[in-house]
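1. Got a predicted structure here, sequence first:
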Amino acid sequence: MSELNGTWVLESKENFEEFLKALGVGIILRKIAKNITPTLIIKSEGNKWSIKLRSSFKSLEYNFNLEEEFDDETIDGKKAKFLFKLEGNKLITEQRDFKSRELITTVEKYVDKNGYMIEHLCAKNVVAKRTFKRAS
């Protein structure tokens, strides 16, 4: 069982709007994303995982097996290919362009020594950080 399992509420973010710009997200969606506080619900059982993102703007859910690529949509509605894998205590997500398969985004999630879930997001050499606290 992963220490990432549980319900997590966004506490802070750094450079997130610049990250969204690098992804080509329009100004209206960037402003919305800047002002919402999403909740992530992560469940894992062996190789099977579920990540639910809940917010006042939009919700989405990914159900997947580690190391198995699948097609889905990004939060802004673009088709993409996703691959989730574990590297040590980190859950790594690779998001690729649906047609060209070019790497678009890498997201790393892990629980730090203080019990916070840290998320590092990278797109086109722009790195953002989001910190989540465990919901009570």
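-> Good, I have the coordinates.
2. use CA for all of it now, contacts and neighbours both
-> OK.
3. where's residue 48 relative to residue 65, distance?
-> Per Cα to Cα, to the nearest Å, residue 48 is found 5 Å from residue 65.
4. Between those two, point out the one with more neighbours.
-> For residue 48 versus residue 65, neighbours defined as other Cα atoms under 10 Å are more numerous around residue 65 (18 against 11).
5. what sits against the more buried one?
-> The neighbours of residue 65, taking Cα atoms under 8 Å, 6 or more residues apart in numbering as the test, are 47, 48, 49, 84.
6. List the buried residues in stretch 113-130.
-> For stretch 113-130, a neighbour-count test (16 or more other Cα atoms under 10 Å) marks 116-123, 126-130 as buried.
7. Then stretch 79-92?
-> Those would be 79, 80, 81, 82, 83, 84, 85, 90, 91, 92, for stretch 79-92 by 16+ other Cα under 10 Å.
8. Which members of those residues define the maximum pairwise distance?
-> Greatest spatial distance in the buried residues of stretch 79-92: 79 and 90, 24.8 Å, computed using Cα to Cα.
9. Can you show me the strands along the chain?
-> 6-14, 39-45, 48-54, 60-65, 70-73, 79-87, 90-97, 103-111, 117-123, 126-134 (DSSP state E).
10. Reformat the ones you listed as a markdown table; add mean pLDDT and distance to residue 27.
-> Below are the strands of the chain laid out as a markdown table (pLDDT from 0 to 100; distance: least, Cα to Cα, whole Å):
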| stretch | mean pLDDT | distance to residue 27 |
| --- | --- | --- |
| strand 6-14 | 96 | 17 |
| strand 39-45 | 95 | 22 |
| strand 48-54 | 94 | 21 |
| strand 60-65 | 92 | 21 |
| strand 70-73 | 90 | 19 |
| strand 79-87 | 94 | 20 |
| strand 90-97 | 95 | 21 |
| strand 103-111 | 95 | 19 |
| strand 117-123 | 97 | 17 |
| strand 126-134 | 97 | 17 |
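11. Just send those strands back as TSV, with distance to residue 24 too.
-> Formatted as TSV, the strands of the chain follow (distance: least, Cα to Cα, whole Å):
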stretch	distance to residue 24
strand 6-14	18
strand 39-45	23
strand 48-54	21
strand 60-65	20
strand 70-73	15
strand 79-87	14
strand 90-97	13
strand 103-111	11
strand 117-123	10
strand 126-134	12
